[in-house]
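>>> Okay, predicted coordinates and the sequence, questions at the end:
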Amino acid sequence: GMAMPVTIKDVAREAGVSISTVSKILNNVPGISEATTKRVEEIMAKLDYAPNSRAASLARKSARCIAFIAKLDEYEPYTNPHLFDIMCGVQEALYSKGYGFMLLDSLRADVERMMLSHTFDGVIVHGGALTKQIHQLLLNRKFPHIVIGHPNDTRINWVDTDNALGGRIAFEYLMQCG
């Protein structure tokens, strides 16, 4: 008959450790010895074990994923050259914490439906993509978010660069250099 998919229980049994130990290794939780980690990883490879991320996210009510909402029209690379740098930095920071990165086009994505279905745990909204609809969602649903750029409404969470401060720091540095 059909082979049953390998579960976390099978990995734990074969490695002679508890399910919680395997789970900690999968989630990069510190405190497991290197020898145990190596053994469990070898057994996962041998059994061809692939963690079911959908099942895991349902179990912990978290998708371990953050959506990045940007306006992605054909002119965006020209009108907004820093967008790609910001996206790459955000993605790198999320991956380093074990989070996935989902890029959404504010012009096309059904952000509300995705929020309600917990497709992601939070959103980062690039300033140019802050539509009235997305703005209302962030306020009404109290959804974890950060907006890049200074919004008109400061009831939402935002970050922005301080160009005046940056200029002053650069000027002071150049003065010190003579």
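Looks like it arrived, so ask away. Numbers count the residues shown, from 1 in each chain.

>>> hang on, isn't S18 packed against A12?
Yes - using Cβ atoms under 8 Å, S18 and A12 qualify as a contacting pair, with a distance of 6.0 Å. The way it works is simple: take the backbone N, C-alpha and C, and place the C-beta from them, glycine included.

>>> Show me which of these two is the more surrounded one.
When neighbours are counted by other Cβ atoms under 10 Å, A12 comes out ahead of the other of S18 and A12, with 18 against 10.

>>> can I have stretch 24-34 written out in PDB, keeping just the CAs?
Output in PDB follows, covering the C-alpha atoms of stretch 24-34 (Å, rounded to 0.1, in the frame of the first residue of the first chain):
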ATOM      1  CA  LYS A  24      13.300  22.600  19.200                       C
ATOM      2  CA  ILE A  25      15.900  21.600  16.600                       C
ATOM      3  CA  LEU A  26      13.400  22.300  13.800                       C
ATOM      4  CA  ASN A  27      12.700  25.700  15.300                       C
ATOM      5  CA  ASN A  28      16.400  26.500  16.100                       C
ATOM      6  CA  VAL A  29      15.600  26.800  19.800                       C
ATOM      7  CA  PRO A  30      19.000  27.000  21.700                       C
ATOM      8  CA  GLY A  31      19.900  24.500  24.400                       C
ATOM      9  CA  ILE A  32      20.200  21.200  22.400                       C
ATOM     10  CA  SER A  33      23.700  19.700  22.300                       C
ATOM     11  CA  GLU A  34      25.500  19.700  18.900                       C
END
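
>>> Mind listing what's buried along that stretch?
Applying a neighbour-count criterion of 16 or more other Cβ atoms under 10 Å, the buried positions in stretch 24-34 are K24, I25, L26.

>>> cool, and stretch 159-178?
Neighbour-count burial for stretch 159-178 flags no residue at all (criterion: 16+ other Cβ under 10 Å).

>>> I am finished for the moment; much appreciated.
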